[in-house]
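Q: sequence-free structure coming up:
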Ligand SMILES: Nc1ncnc2c1ncn2[C@@H]1O[C@H](COP(=O)(O)OP(=O)(O)O)[C@@H](O)[C@H]1O
Ligand SMILES: Cc1ncc(COP(=O)(O)O)c(C=O)c1O
Ligand SMILES: [Mg+2]
């Protein structure tokens, strides 16, 4: 029987609704991965509501919790680490310490870094030290990186002017160390208005994917976290990078369709669970070589 992969997911948790681990853990479990959630914050709700209560985990707790798993002899079973929203560069460095410890216990373990930088237009800005940490330190260690356009622009220090520009920026990030860069959400002058576009860049090539852009009264949150979580889960389950990319786009689209049908602001993950495991839609990753 095929072994069930194990994945340590280090990101935020919200009590109500879905963002960070609260958006990614259940879908990763639903597709067949054992998830070890390590919550970097526990907030009442995601920050786009403009108010929340809760606490940030002290950075030293991250390596301490990893050490606790090592002490019971389980760390070598960790197949991958996923990291998302960081409260500070110190928390980021603590995650890299944990990643190094896990790679020592299991050299095959993968590290996916979702370089969450917030949305300035939504009043959520990440400190410049976090952005610098992600580019200068995390990119060198990460096996996979999943920026959105804003994060890719931030890494490049300028706004993308074209699809070719996005590709060049993703390739520049790839050159810093990751084996693959998944751009979860493309935005560039001239992009068609009716499509939501993504990009996958690896050493072997580049692929572009389009799915329909859906209308929401308020954009749902946690879509990026769901995307990076499912991408890593499918890779651990044996998909190629391109297959994992296509699966992720389809499963995320299914969640958004369910969410739209329910006129819900929060992602309808429970209702969409069968559609996550077995997406009915399919979007093709098309090779591009601009
Ligand atoms: N097919 C779609 N139609 C409309 N909006 C979408 C679609 N897919 C994702 N979104 C929205 O687009 C944004 C995606 O943001 P993105 O930059 O990829 O990552 P993040 O979720 O990390 O902010 C989110 O606001 C999400 O709700
Ligand atoms: C607590 C928390 N975690 C994570 C996120 C990131 O969510 P997304 O996947 O939309 O980038 C947010 C966004 O507001 C948040 O408030
Ligand atoms: Mg995000």
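A: Everything's here; your move. All figures in this text were calculated on a predicted structure; none of them were measured in a lab. Residues are numbered from 1 along each chain as shown. Ligands and ions are numbered 1, 2, ... in the order given.
Q: Quick check: which element contains residue 35?
A: Element membership of residue 35, judged by DSSP states H and E, is strand 34-43.
Q: who does the helix or strand just after that strand pair up with?
A: Heading C-terminal from strand 34-43, the first helix or strand you meet, by DSSP H and E, is strand 54-56. Its sheet considered, strand 54-56 pairs with strand 34-43 (antiparallel) by DSSP bridges.
Q: close to ligand 2, is the strand it pairs with?
A: Yes: shown here: strand 34-43 in contact with ligand 2 (Cβ under 6 Å from any ligand atom) through residue 43. For the C-beta atoms, the positions are set from N, CA and C on the backbone; glycine is no exception.
Q: buried stuff in that strand?
A: By 16 or more other Cβ atoms under 10 Å, the buried positions in strand 34-43 come out as 35-43.
Q: Let's have these in a markdown table, adding distance to ligand 1.
A: Output for the buried residues of strand 34-43, formatted as a markdown table (distance: Cβ to the nearest ligand atom, whole Å):
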| residue | distance to ligand 1 |
| --- | --- |
| 35 | 19 |
| 36 | 22 |
| 37 | 18 |
| 38 | 19 |
| 39 | 18 |
| 40 | 15 |
| 41 | 16 |
| 42 | 20 |
| 43 | 16 |
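Q: right, is the host helix or strand of residue 133 up against ligand 3?
A: Residue 133 belongs to helix 128-133 when assigned by DSSP H and E. No: Helix 128-133 lies out of reach of ligand 3 by Cβ under 5 Å from the ion, never closer than 12.9 Å.
Q: list the buried ones in that helix?
A: Neighbour-count burial for helix 128-133 [16+ other Cβ under 10 Å]: 130-131, 133.
Q: and which of these is nearest to residue 212?
A: residue 131 (31.2 Å; Cβ to Cβ).
Q: quick one: the closest one and ligand 2, what's the gap?
A: In this view, residue 131 and ligand 2 are 15 Å apart by Cβ to the nearest ligand atom, to the nearest Å.
Q: Can you give me every residue that contacts that residue?
A: By Cβ atoms under 8 Å, 6 or more residues apart in numbering, the contact list for residue 131 reads 115, 117, 154-155.
Q: Apply 6 Å and report the result again.
A: Contact analysis of residue 131 by Cβ atoms under 6 Å, 6 or more residues apart in numbering lists 117, 154.
Q: ranges for the helices of the stretch 51-200 of the chain?
A: All helices of the stretch 51-200 of the chain, identified by DSSP state H, counting those that start in this stretch, fall at 61-71, 89-105, 128-133, 139-141, 149-156, 163-174.
Q: Among the ones you listed, which comes closest to residue 205?
A: helix 163-174 (10.9 Å).
Q: and this protein, which of its residues are near ligand 3?
A: Residues of the chain lying near ligand 3 (Cβ under 5 Å from the ion): 116, 224.
Q: Which helix or strand contains the residue most central in space within the chain?
A: The residue lying closest to the centre of the chain (Cα atoms, centre = their mean) is residue 228, at 2.7 Å. Using DSSP H and E, residue 228 sits within helix 223-236.
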